[in-house]
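A.B. asks: Sequence first, then the predicted structure, then my questions.
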Amino acid sequence: MLDKLWKQELAGDAVLVSSAYNMRYLSSFCGGEGYVFLHPKRQVVIVDSRYTTQAKEEASGFEVIEIGGDVGFGDVIRELAFQTGTSRLLFEDSDLTYSTVRGLKEKCGELEWIPAGELLNNLRWIKSEEELARIEKAEAIGDKAFARILNDIRPGITELEVAAKLEYYMREEGTAKNSFDTIVASGLHSAMPHAIPTDKKIEAGDFVTMDFGCVYQGYCSDMTRTVVVGKANDRQKELYQIVLEAQQAGISAIRAGMTGSQVDAVSRDIIKKAGYGEYFGHGLGHSVGLVIHEEPRLSPKCHEVLRENMIQTVEPGIYIPGFGGVRIEDLVCVTADGCVNYTHSPKELIEL
Ligand SMILES: [Mn+2]
């Protein structure tokens, strides 16, 4: 992916990559700790001894320099800057802490440190075929876990137990970790979009919202389903149908060339017209990749134009304090004339 970087107009002579995901993206080093120094003439992974072997295996075409003894990261960076004639070094200001940058600067003397802003993160917006395949596989694992959890949800089981089982099923289906903390929110808790699972027992008549995902070969999945335990009442059915209609309209609308705010408006208008606009407080969706929440987003504030092979979630919700809430979320790949939906779990109201 380095060629993507060199095509950019860079405000510095070299780039110091520090975030686990951008190191992985640009060098294929997956260890997550250390630095990647990128200059057109020198590409170097700088690690401590725990990662030397791994870096040499994973980052083909890169030099690997090991720190240790009296030689720290700052010393290696100073030396590389000197050897390459770098006077301006771009760094990941959204990743490094103030104290880390201060420490590195002290070591590097005259070197000018330039915040890279979103430069590196933005390289990841459009996914390669290989990245898309991994995201699709991660989402398929979520689908399998969801099909299995439906057998477990019944009155008496707690939110924490449902969350634990969902995560166990995703492990069994082939993933090592979650892409974020699993949300299981039942009854009144479902009115909180990002509720944390509790020891509350699920009761008959509860909405149960489950928002979960996993990481497959570095890439995240994300999906949400809301079910009802027992028979849904009329208001639950009404809310569910509005959210479902809004979600399907968003998926039907999305395609390359639209802006994030335009897609958001398609779904949001349906919820507004139904009289629940004030109960849909968050954006319609976000991009997903090596990181669970990536730009660009489907949101009233995002005017970026969507392009082919971007990933987006489409996840409208209605959350009514004192009653409960519904969210339905699929993950799609944007195409020239629409999208490919990677989520295959059923969306009609499930009564358990
Ligand atoms: Mn999401």
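C.D. replies: All right, it came through fine.
A.B. asks: give me the number of residues near residue 1?
C.D. replies: Residues lying near residue 1 (other CB atoms under 10 Å) number 14. Using the backbone N, CA and C atoms, a C-beta is placed for each residue, glycine as well.
A.B. asks: who's in contact with stretch 259-274?
C.D. replies: For stretch 259-274, contacts defined as CB atoms under 8 Å, 6 or more residues apart in numbering pick out 242-243, 245-247, 249-250, 253-254, 277, 279-280, 283-285, 296-306, 312, 314, 316, 318.
A.B. asks: can you do 7 Å?
C.D. replies: 242, 245-247, 249-250, 253-254, 277, 280, 283-284, 296-300, 302-306, 316, 318 (CB atoms under 7 Å, 6 or more residues apart in numbering).
A.B. asks: which among these end up buried?
C.D. replies: Neighbour counting by 16 or more other CB atoms under 10 Å classes 242, 246-247, 249-250, 253-254, 280, 283-284, 296-299, 302, 304, 306, 316, 318 among the contacts of stretch 259-274 as buried.
A.B. asks: residues touching the closest residue to residue 74 other than its chain neighbours, list them.
C.D. replies: Excluding its sequence neighbours, the residue lying closest to residue 74 (CB to CB, 6 or more residues apart in numbering) is residue 107, at 2.8 Å. Contacts for residue 107 were tallied using CB under 7 Å, 6+ apart; they are 74-75, 78.
A.B. asks: circling back: when you check the ion, which of the contacts of stretch 259-274 turn up near it?
C.D. replies: Counting by CB under 5 Å from the ion, nothing from these sits close to the ion.
A.B. asks: What parts of the stretch 151-300 of the chain come near the ion?
C.D. replies: So far as CB under 5 Å from the ion goes, the stretch 151-300 of the chain lies against the ion at residue 222.
A.B. asks: By proximity to the ion, which residue of the stretch 151-300 of the chain wins?
C.D. replies: Ranking the residues of the stretch 151-300 of the chain by distance to the ion (CB to the ion) places residue 222 first, at 4.2 Å.
A.B. asks: neighbours around that residue, how many?
C.D. replies: Using other CB under 10 Å, residue 222 has 27 other residues around it.
A.B. asks: which residue ranges form the helices in the chain?
C.D. replies: 2-6, 20-27, 52-58, 73-84, 98-108, 119-122, 129-149, 159-172, 234-253, 260-273 (DSSP state H).
A.B. asks: burial count for residue 123?
C.D. replies: Neighbours around residue 123, by other CB under 10 Å: 17.
A.B. asks: and it, what pLDDT?
C.D. replies: Per-residue confidence at residue 123 stands at 97 (pLDDT).
A.B. asks: tell me the contacts of it?
C.D. replies: Contacts of residue 123 by CB under 7 Å, 6+ apart are 1, 4-5, 25.
A.B. asks: From those residues, list just the buried residues.
C.D. replies: Buried members of the contacts of residue 123, scored by 16+ other CB under 10 Å, are 5, 25.
A.B. asks: Just the ones of the contacts of stretch 259-274 in strands?
C.D. replies: When the contacts of stretch 259-274 are checked against strands (DSSP state E), the matches are 296-298, 318.
A.B. asks: Of those, which is the nearest to residue 154?
C.D. replies: residue 318 (24.9 Å; CB to CB).
A.B. asks: got the contact list for the closest one?
C.D. replies: Residue 318 touches 239, 242-243, 271, 276, 279-280, 325-326, counting by CB under 7 Å, 6+ apart.
A.B. asks: Geometric centre of the chain: which residue is closest?
C.D. replies: In the chain, the centroid-proximal residue (CA atoms, centre = their mean) is residue 292; its distance is 1.1 Å.
A.B. asks: Would you mind confirming that that residue makes contact with residue 222?
C.D. replies: Yes. Assessed by CB atoms under 7 Å, residue 292 is found in contact with residue 222 at 6.3 Å.
A.B. asks: which neighbours do these two share?
C.D. replies: In contact with both residue 292 and residue 222: 179, 213, using CB under 7 Å, 6+ apart.
A.B. asks: thinking again about what came up before, excluding its backbone neighbours, what's nearest the residue of the stretch 151-300 of the chain closest to the ion?
C.D. replies: Looking at residue 222 with CB to CB, 6+ apart, the closest residue is residue 213, at 4.2 Å.
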